[in-house]
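predicted model, plus sequence, below.
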Amino acid sequence: MSASHSVALQGLAAGQTARPPSADWTIPQGWSSYTAAEHAVWQTLFERQTALLPGRACDEFVAGMRDLPIRPDRIPHFGELNEVLKPRTGWEIVAVPGLVPDDVFFDHLAHRRFPAGQFIRQAHQLDYLQEPDVFHDVFGHVPMLMNPVMADFIQAYGEGGLRAQKLGTLPLLARVYWYTVEFGLVQQADGLRIYGAGIASSRTESVFCLDDASPHRVAFDLVRVMRTHYRIDDFQEIYFVLDRLDDLLELARVDFEPLYRQVADVNASQSDLQPADLSPADRVLHTGTGAYAAWQRQTLRCG
């Protein structure tokens, strides 16, 4: 199981980390306090993902990783990252102790600050972690923040999250984040590629999402995505595919309030869609067998 499988969105997790002294929950990264063992965990995670992702990650992820001061042998220093990232797209990385409250999370994003966990998982947690650590947040997210399209989209998401809190529609907006920023795929000339951080930082899901016959792969449709539940504890049963990454720019300009009403009207007569469901209106790129999810359900029953 991937570390990202059990990671709820930072602003949507049920549990929160103990409140730090600062109002915005930021803390010093404390880079000099990382131990040799912690740097070794980073190196293990980094080397296996960089060996796996060529031909799987999208061009924009590859370019971001190439241009950032990210080394295999040590946990990145946020200050060094910001020296490159901020001039490029106006974003900066700020350290937080773990999961933060919704309003804090969205406010950071709305102001182009990405809250990254400053801790790293332990050696026995390489493939499973309950909340995002520095590897997921930096390796998975930061390369895409070097791209202007993703940079604008995530800022717009932060602004939209603050509005959705007031409207009581945050669960609908969260599905958009989940199926794009965390678990999105994009069509390139040479095939389907990964841009979602939850996949890019996961050894097992990097393979499963592209190679396994089990999950559905469906063309991205905003209202459809907003009606679709997601899995936070295992591989996704459906992946939504952008025709091109630039489509995120259109999403960044969308007025979501009418869409919230549209989804509510549809759900008044039809129930939300489960991850394994297909809809008659879907443009299906691959109809999944559902074999993995069926095996998991059988395993749980037998266990």
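Sure thing, it's come through. Residues are numbered from 1 along each chain as shown.

Provide the backbone phi and psi angles at Val271.
Residue 271: Ser, not Val. The phi and psi values for Ser271, taken as degrees, to the nearest 10, are phi -80, psi 160.

again with Ile238
The phi/psi pair for Ile238 (degrees, to the nearest 10) is phi -150, psi 140.

for the one 3 residues further on, same thing?
Comment: the main-chain dihedrals of Val241 come out as phi -110, psi 120, following degrees, to the nearest 10.

please apply the same query to Arg113.
Dihedral pair for Arg113: phi -120, psi 120, per degrees, to the nearest 10.

how about the closest residue to it other than its chain neighbours, secondary structure?
Excluding its sequence neighbours, the residue lying closest to Arg113 (C-beta to C-beta, 6 or more residues apart in numbering) is Val94, at 4.9 Å. Where you see a C-beta, it was placed from the backbone N, CA and C, and this is true even at glycine. Secondary structure for Val94, judged by DSSP: H, G, I helix; E, B strand; the rest coil, is strand.

run through the strands of the protein in chain order.
92-96, 113-117, 185-188, 191-194, 216-219, 238-242, 284-286 (DSSP state E).

between the ones you listed, which one is closest to Pro275.
strand 238-242 (5.2 Å; C-beta to C-beta).

what sits up against stretch 248-259?
149-150, 152-153, 155-157, 160, 163-164, 167, 169, 173, 176, 180, 222-223, 226, 242 (C-beta atoms under 8 Å, 6 or more residues apart in numbering).

filter those residues down to the ones in helices?
149-150, 152-153, 155-157, 160, 163-164, 167, 173, 176, 222-223, 226 (DSSP state H).

farthest pair in those residues?
The largest separation in the ones in helices among the contacts of stretch 248-259, counting by C-beta to C-beta, is between Val149 and Leu167 at 25.9 Å.

higher neighbour count, the two?
Val149 (19 against 14; other C-beta atoms under 10 Å).

pretty sure that one is touching Tyr195, no?
No. Counting by C-beta atoms under 8 Å, Val149 sits too far from Tyr195 to count as a contact (9.9 Å).

cool, thanks, signing off.
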